[in-house]
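Asker: I'll drop the sequence and a predicted model, then ask my questions.
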Amino acid sequence: MISLFKQAASIFQFHRRPVAPVVHVPAFPELAKGQARHFRDSVTMAPWLVSFNRDSGIYYCQPVGNTRLIRQPYICNKLDKRLVPAGTGIH
């Protein structure tokens, strides 16, 4: 009986430890506020709309305009290096 009690105590022991979630902070302040921002693929110049979910630390990338007919929306943990902010002249 005592060993059964120890096994049950060890199973439910994880409830005592606090868990601190690791949240990725985006480099762009608009994304950190939860707003979407327009990006452009530096190779194909295709426009994308990128938003960031602070709760899960995930980027949502959606194609814009005629790109929607060619590309599919996707979810990623890190922003692709090919995506640059639109209107900055960075190529």
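Answerer: Received the coordinates, thanks.

Asker: if you go through this protein in chain order, where are the helices?
Answerer: Using DSSP state H, the helices of the chain run over residues 2-11, 29-32.

Asker: which stretch in these is the model least sure about?
Answerer: The minimum mean pLDDT among the helices of the chain belongs to helix 2-11 (a mean of 62).

Asker: residues in contact with A86?
Answerer: H38, F39, R40, P47 (Cβ atoms under 8 Å, 6 or more residues apart in numbering). The way it works is simple: take the backbone N, C-alpha and C, and place the C-beta from them, glycine included.

Asker: Show me the beta-bridge partners of the closest residue to it other than its chain neighbours.
Answerer: Take A86 and drop its neighbours on the chain: the residue closest to it by Cβ to Cβ, 6 or more residues apart in numbering is H38, 4.1 Å away. Here H38 sits in beta bridges with L49, going by DSSP bridges.

Asker: please renumber so the chain begins at 21
Answerer: With the count now opening at 21, the last piece we talked about shows up as H58.

Asker: Hmm, H58 is touching C81, no?
Answerer: No. Using Cβ atoms under 8 Å, H58 makes no contact with C81, being 11.2 Å away.

Asker: tell me, what's touching these two both at once?
Answerer: Shared contacts of H58 and C81, counting by Cβ under 8 Å, 6+ apart, come down to W68, L69, V70.

Asker: what about the second one, neighbour count?
Answerer: Read that as L69. 17 (other Cβ atoms under 10 Å).

Asker: so how far is V104 from it?
Answerer: Distance, L69 to V104, by Cβ to Cβ, to the nearest Å: 14 Å.

Asker: Can you check which residues contact both of the two?
Answerer: In contact with both L69 and V104: F59, using Cβ under 8 Å, 6+ apart.

Asker: quick one: contacts for Q82?
Answerer: Contacts of Q82 by Cβ under 8 Å, 6+ apart are W68, L69, V70, S71, P93.

Asker: again, but for G54
Answerer: Contacts of G54 by Cβ under 8 Å, 6+ apart are S71, F72, R74.

Asker: Tell me which of those has the lowest pLDDT.
Answerer: R74 (82).
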